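A.B. asks: A structural model of the following input is requested.
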Amino acid sequence: MNKVVAIIVFWCCAVFSFGQTNLVPNPGFEEYKIACPNNNFINIKNWFQGAGSVDIFHKCKSQPPFPPGSGVPQNDIGYQFPYNDSAYLGFILYSSIYVNGIKEYREYIEVKLYDSLKRNYTYCVEFYVSLADTADYAISSLGAYLSIDSISNDCISTCLLNYSPQIQNDSLNIITDKQNWVKISGSFVAKGGEQYLTIGNFYGDNFTERHLQKISNNNSGWSNYSYYYIDNVIVYACDSPAVSINDSSFVLVSNVFSPNQDDVNDLWQITANQVLQLSVQVFNRWGEEVYVFNSQNLQSDTSTTLRVTYNPAWDGFTKSGLPVSDGTYFYVISYTLPNGETKVEKGTLTLIR
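C.D. replies: Next up, the predicted model:
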């Protein structure tokens, strides 16, 4: 098995003991409706295309009567062994040229989860990608969006699915590795009812091209694309709301937001329930403080019958009113419980404009 390189490590994803059940059916794309799948995506069980034309690669297609172009590990687009078992998918995340008259051409994969997500539960999401050998462009704009209903695009004028993904690779981490499988992972607090998972590039060319790297000029049929293999998709509950009969104090933290004034996920939000004191600090990668919040005596009555909720939110601007850049930021949250105990939470958040 190839060495796995971890790109993102979020604070809760190391906790796997709470909910070990993967909610993604057919996570390695091994199950098909026919013995050996052709390139018709409908033959993959459970999965479907949100936009574009996704490719199927399988070991069984390396032998006659199948042409070698869609086999494993060797195929028309590169050479890669599966992360697990015998199959993986491939899709275009960016194109430097028009495809069938479409400039912002994208391909997405989508699946309905075994069960809908529970409100206020924290879910961990992970999958593995590898840049194809013949692809000339490497990007960072790769994420996962979880929704109540399925989403799709008929690619008439664009294939872009313009949604704000809850799980997003750091914009500074351009995925250039063509040899190893790179892990993309993150966590988020569910609003409740999400039951569809969509993976792809949810950002337009203006953003994508600011975080892009030209790898080579190989003059192949795929040299104008950012083409990635994908395998081993996992979604599981990694934490529940920390609520008990005697202590209902807890803090919920989101880890991705996009302050682009489109009224969708514009604020980084923290929900603190039944706390006496709450302080929040956010730092950039150089250790500079870009956001701070302090609140004292949010609750004067510390009885368990009274519940106080506070939700400070950061809009992506510095204390002096300047917008901060895309990237990963670090937070430190301190809060005091009704019994006088002080707790500290630390983690990372991703800002995408």
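A.B. asks: where does pLDDT dip in the stretch 101-250 of the chain?
C.D. replies: Low-confidence segments of the stretch 101-250 of the chain, defined by pLDDT under 70: 217-221, 240-250.
A.B. asks: how about the strands in it?
C.D. replies: Ranges of strands in the stretch 101-250 of the chain, per DSSP state E, counting those that start in this stretch, are 108-112, 122-131, 137-139, 143-147, 167-168, 181-189, 196-200, 212-214, 225-239, 250-253.
A.B. asks: show me the one of those that comes nearest Gly347.
C.D. replies: strand 250-253 (6.6 Å; Cβ to Cβ). Bear in mind the C-beta positions are built from the backbone N, C-alpha and C, glycine included.
A.B. asks: sheet-wise, list the partners of the closest one with their directions.
C.D. replies: Partners of strand 250-253 in the sheet, by DSSP bridges, are strand 268-273 (antiparallel).
A.B. asks: residues touching the helix or strand just after the strand it pairs with, excluding its own?
C.D. replies: Per DSSP states H and E, strand 268-273 leads on to strand 277-283 as the next helix or strand towards the C-terminus. Contacts to strand 277-283, defined as Cβ atoms under 8 Å, 6 or more residues apart in numbering, come from residues 251, 268, 270, 272, 289-298, 310, 312, 314, 329-336, 342, 349.
A.B. asks: pull out the buried residues from the helix or strand following strand 277-283.
C.D. replies: Next helix or strand after strand 277-283 toward the C-terminus (DSSP H and E): strand 289-296. Judged by neighbour count (16 or more other Cβ atoms under 10 Å), strand 289-296 contains these buried residues: Val290, Tyr291.
A.B. asks: next up, the contacts around the residue lying closest to Val253 once chain neighbours are set aside.
C.D. replies: Leaving aside its sequence neighbours, Val253 sits nearest to Ile270 (Cβ to Cβ, 6 or more residues apart in numbering; 5.4 Å). Ile270 makes contact with Val251, Leu252, Val253, Ser254, Leu278, Val280, Asn311, Pro312, Ala313, Ile333, according to Cβ under 8 Å, 6+ apart.
A.B. asks: go on, Glu126?
C.D. replies: Residues in contact with Glu126 (Cβ under 8 Å, 6+ apart) are Cys13, Lys183, Ile184, Ser185, Gly186, Asn232, Val233, Ile234.
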